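Asker: when you get a sec, could you give me coordinates for this:
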Amino acid sequence: MAFVIGDGCIGCGSCAGTCPVGAISDNGGVYVIDANTCISCGACAGTCPMGVISEA
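Answerer: Below is the predicted model of the structure:
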């Protein structure tokens, strides 16, 4: 199951740099995860300073 970025994203981009498949992109100042590309590795969740990334 893919990961999602919830409310509270501050747009720092730390998650995007850790995604091994490039599933995370900037969407107007907040980041989003493409569920079709996400491999559910969880690398992004550990890097979010706000703790708003979780498994869907």
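Asker: mind checking the SS state of Ile39?
Answerer: coil (DSSP: H, G, I helix; E, B strand; the rest coil).
Asker: list the residues that contact it.
Answerer: 20-21, 23 (CB atoms under 8 Å, 6 or more residues apart in numbering). Every residue, glycine included, has its C-beta placed from N, CA and C.
Asker: neighbour-wise, which of those residues leads?
Answerer: With neighbours defined as other CB atoms under 10 Å, the most crowded of the contacts of Ile39 is Ala23; it has 21 neighbours.
Asker: my read: that residue touches Cys38, true?
Answerer: Yes: using CB atoms under 8 Å, Ala23 makes contact with Cys38 at a distance of 4.4 Å.
Asker: common neighbours of the two, please.
Answerer: Residues touching both Ala23 and Cys38 (CB under 8 Å, 6+ apart): Ala2.
Asker: got the contacts of Ile39 as TSV, with distance to Ile10 columns?
Answerer: What follows is the contacts of Ile39, written out as TSV (distance: CB to CB, whole Å):
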residue	distance to Ile10
Pro20	23
Val21	23
Ala23	19
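Asker: export those to JSON lines and tack on secondary structure, distance to Ile5 and pLDDT?
Answerer: Formatted as JSON lines, the contacts of Ile39 follow (DSSP: H, G, I helix; E, B strand; the rest coil; distance: CB to CB, whole Å; pLDDT from 0 to 100):
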{"residue": "Pro20", "secondary structure": "coil", "distance to Ile5": "17", "pLDDT": "98"}
{"residue": "Val21", "secondary structure": "coil", "distance to Ile5": "15", "pLDDT": "98"}
{"residue": "Ala23", "secondary structure": "coil", "distance to Ile5": "11", "pLDDT": "98"}
